[in-house]
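# Give me a 3D structure for the following:
(chains A, B, C and D)
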2 protein chains.
Amino acid sequence: MAGERRKFRREGEERRRDQLVAAALEIIAEKGPDAATVRTIAERAGVTQGLIRHYFTSKGDLTRAAYQSHMQRMNEVSFAALDSAPQEPLARLEAFVSTTLSPPALNGTAVGLWSAFLQMIRRDPEMMVVHEANYLAFRDRLEGLIAALPGQRSPAELRALAIACTAVIDGLWLEGSAYPEGFDANELAAIGWRAVSAILGIDTPARAGTGPRPTTKETLP
Amino acid sequence: MAGERRKFRREGEERRRDQLVAAALEIIAEKGPDAATVRTIAERAGVTQGLIRHYFTSKGDLTRAAYQSHMQRMNEVSFAALDSAPQEPLARLEAFVSTTLSPPALNGTAVGLWSAFLQMIRRDPEMMVVHEANYLAFRDRLEGLIAALPGQRSPAELRALAIACTAVIDGLWLEGSAYPEGFDANELAAIGWRAVSAILGIDTPARAGTGPRPTTKETLP
DNA sequence: CGCACAATTATGCAAGCGTATAATTCCGGT
DNA sequence: ACCGGAATTATACGCTTGCATAATTGTGCG
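Prediction:
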């Protein structure tokens, strides 16, 4: 009667690890890090909790693996969008900004993950390394896009511009994800592109008249 | 010899609540939200844990009170910095940006608090209301500073500019706080001011000589 | 001075946590 | 066919958590 032991199938180690990592990420994103207990993660992955300790030396180990996996996937998505972009530097940059500030990159679950991991980053040096590497990867990619634009800029100048553009994109992404009701559909992408253009000293392509004209004193007729 | 009962002093209700709120904020900022248990909070406040339930109906109630208090204080600090600023609109704006992107506003504990609360905001509608109100208050203040600049801007234009400037400030504040080794002392404030200037169409102060000419339409006499 | 009552401490409890370990069951090699 | 070991489940333990309640003690008021 009671002794119905659960049936199971054996899976490869890699696949099991991926399942557990995916389950952990889902739960952290949906219900927060506190809800991501060993038991709920195992349940979501369709196994029992003991298996976690069979594939990870501790729960923290699983959490680190999940963070690494999440960051890697974000990177890949970002890269993929760039690969299918056109070739003109300006269009590439615009595509990059627009992609980052539109769904699916802009979504509520990602910011949940982001803030959850930020907590751990501050206490776990190993996670800090991953964070640093990924932040710099994002910025460097953006810096590369900027460097490809017409005009010459010194390295220091490039660095400052990349930091500023990264910041405005991050800030918009964050508020748009955390407080989605506050903005229209394409509003953030449009604002982001205008801001990046302005920072880089590019004439805003879309709406002449209202756009900032940074340098020249005498303007239009 | 075991029966040494702890001595205590009675305090007013308001004072005790403040002490508990302050203790909770300190612990969340320093050690993360998981470390902020009823017992550690009480210990930090110099009382025993039972007292928390005497002044707050639950731990969540205390946490909400802590968030409210934190946000209110951030607001006051921000306001105070503006009050002692000069009167010319441009200088006021620059002071605001610079203050926000320099210590003590820029520090690691604040971002710890920020990301910890962001977690709760996503699950607690009551906290979401507080967050929304404070984000909009920040943005509105910034929008007011922008509106005071010479030149005319439509309400829609003002909104977009305020969103963009808020985003760049938030993004810089965030990365500077979360990853302080990555930036020089005044670097972020300088980058922030340059970015805001560019977004608003103001000539960067370094290359002085030309006054701010924000709009392309007819503006000045 | 002492008394009543709120403020505070002390103790207890059930639930949930991560971890350790024992018990089973699947599955490939022979 | 079956067996040995790895994969997986099951159970248990010690600890911490938030919350409840009982026991005390400080203190304003007569």
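# where do the helices sit along chain A?
Taking DSSP state H, the helices of chain A run over residues A:13-31, A:38-45, A:50-55, A:59-83, A:89-100, A:108-121, A:125-147, A:155-178, A:187-200.
# Counting neighbours, show which residues of the second one come out buried.
Spelled out, that is helix A:38-45. Neighbour counts over helix A:38-45 (16 or more other C-beta atoms under 10 Å in any protein chain shown) mark A:38, A:40-42, A:44-45 as buried. For the C-beta atoms, the positions are set from N, CA and C on the backbone; glycine is no exception.
# Ok, the shortest one next?
Of the residues in helix A:50-55, A:51-52, A:55 count as buried by neighbour count, 16+ other C-beta under 10 Å.
# and the gap between the closest residue to A:Phe56 other than its chain neighbours and DNA strand D?
Nearest residue to A:Phe56, sequence neighbours excluded (C-beta to C-beta, 6 or more residues apart in numbering or on different chains): A:Leu62, at 4.2 Å. Separation of A:Leu62 from DNA strand D (C-beta to the nearest atom of the strand, to the nearest Å): 14 Å.
# ok so, going back, would you mind finding the most buried of the helices of chain A?
helix A:187-200 (a mean of 24; mean count of other C-beta atoms under 10 Å in any protein chain shown).
# Off-centre distance for it?
18 Å (C-alpha atoms, centre = their mean, to the nearest Å).
# helices or strands next to it in the packing?
helix A:89-100, helix A:155-178, helix B:155-178, helix B:187-200 (3 or more C-beta pairs under 8 Å, 6 or more residues apart in numbering or on different chains; DSSP states H and E).
# ok, the residue nearest to A:Leu51 when sequence neighbours are not counted to A:Lys31 distance?
Leaving aside its sequence neighbours, A:Leu51 sits nearest to A:Ala42 (C-beta to C-beta, 6+ apart; 6.4 Å). Distance of A:Ala42 to A:Lys31, computed by C-beta to C-beta, to the nearest Å: 15 Å.
# List the residues that contact the residue positioned nearest the centre of chain A.
The centre of chain A sits closest to A:Met74, judged by C-alpha atoms, centre = their mean, with a distance of 5.2 Å. Contact analysis of A:Met74 by C-beta atoms under 8 Å, 6 or more residues apart in numbering or on different chains lists A:110, A:134.
# ditto for A:Asn107
Listed by C-beta under 8 Å, 6+ apart, the contact set of A:Asn107 reads A:Ser177.
# Could you report the separation of it from A:Leu174?
Separation of A:Asn107 from A:Leu174 (C-beta to C-beta) stands at 12 Å.
# where does chain A have low pLDDT?
A:1-3, A:204-221 (pLDDT under 70).
# Quick check: the residue of chain A nearest DNA strand D.
A:Gly50 (2.7 Å; C-beta to the nearest atom of the strand).
# Now do the contacts for that residue.
A:Ala42.
# Would you mind measuring from A:Ile52 to DNA strand C?
Using C-beta to the nearest atom of the strand, A:Ile52 is found at 7 Å from DNA strand C.
# shouldn't that residue be in contact with A:Ala42?
Yes - under the criterion of C-beta atoms under 8 Å, A:Ile52 makes contact with A:Ala42 at 5.8 Å.
# who touches both of the two?
Joint contacts of A:Ile52 and A:Ala42 (C-beta under 8 Å, 6+ apart) are A:Leu20.
# List the residues that contact A:Glu13.
By C-beta under 8 Å, 6+ apart, the neighbours of A:Glu13 are A:Tyr55.
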